[in-house]
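S.K.: Next come a sequence and a model predicted from it.
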Amino acid sequence: MSMTTATGVHILVYPYPTSGHIIPLLDLTQRLLIRGLTVTVLVTPDNLPLLEPYLSTHPSSLKQLVLPARSPAISFPPLKRIVSNIRAFRDLHYPMLLQWFQSQSSPPIAIVSDILLAWTRHLASELGVPRIVFCPCSAFALSVGFSMGSDPQEPDDPEDMNFQVSFPRIPKSQVYPWWQIPLHVRYFRGDPDKEFFMSNLLDNAANWGFCLTRSSSWSACTLTI
């Protein structure tokens, strides 16, 4: 693989630490490194082995910052587990990252962080750098999530799985029965975990730009909408 000389441009990459999120973002990191950028990847101890191939290939331009992991919430249902992790990472990592940035002689000029880590928008704003949202899903799936958060729909009868959901603001979108809407973006009023999750999702819309995946591989960046 041909290598390029480092440009001096420094980017911070912050993946959500599960395989379906961190592996696609490391693919993007590889592409940034090939183009000569310096990248610092935030990683929890369990995911350190995933970085080893990249560290050996890019020893001078790839850096790692090991952050503490939270205690596993295995007994929680999936959505509650995600919400618990988001809150825990925010509380654990926000002050550490702020201090780390302020201690660097050449700090990153931008943050690329996972869509579930929307609180990093406020960190980026405090630091005066742009935040780019990395989303390991398609643009349509992301649009459905934004639509369900900003224009919530739900059946009067929770058991009505054939309730029709439309997305008039998404071009050429079909009408879908309720059972086809992903569980994590279905809206139920009064559920504090769902309200927190949707608020976190919508917070991403205020960022500088997006990087989206297509299938299982990184495809392109879409700037701010």
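M.R.: Sure, I can see it.
S.K.: Nearest residue to Met96 in space, please, no chain neighbours.
M.R.: Counting by C-beta to C-beta, 6 or more residues apart in numbering, Met96 lies nearest to Leu67, which is 6.6 Å off, once chain neighbours are set aside. All C-beta spots, glycine's among them, are computed from the backbone N, C-alpha and C.
S.K.: ok, the one you found touching Val43?
M.R.: Yes - using C-beta atoms under 8 Å, Leu67 is in contact with Val43, at 7.1 Å.
S.K.: So if I had to pick from those two, which one is more boxed in?
M.R.: Taking neighbours as other C-beta atoms under 10 Å, Leu67 and Val43 compare with Val43 leading, 22 against 18.
S.K.: partners of the more buried one in the sheet?
M.R.: Listed beta-bridge partners, Val43: Val66 (assigned using DSSP bridges).
S.K.: Hmm, Phe210 is touching Arg131, no?
M.R.: No - with contact defined as C-beta under 8 Å, Phe210 does not count as touching Arg131 (10.4 Å).
S.K.: When those two are compared, which one has more neighbours?
M.R.: It is Arg131, of Phe210 and Arg131, that has more neighbours when counted by other C-beta under 10 Å, with 24 against 20.
S.K.: Report the next helix or strand after the longest helix seen in the chain in sequence order.
M.R.: Using DSSP state H, we find that the single longest helix of the chain is helix 78-103. With elements assigned by DSSP states H and E, the helix or strand that comes after helix 78-103 is strand 110-114.
S.K.: Output the contacting helices and strands for that following strand.
M.R.: strand 10-14, helix 19-34, helix 120-127, strand 131-135 (3 or more C-beta pairs under 8 Å, 6 or more residues apart in numbering; DSSP states H and E).
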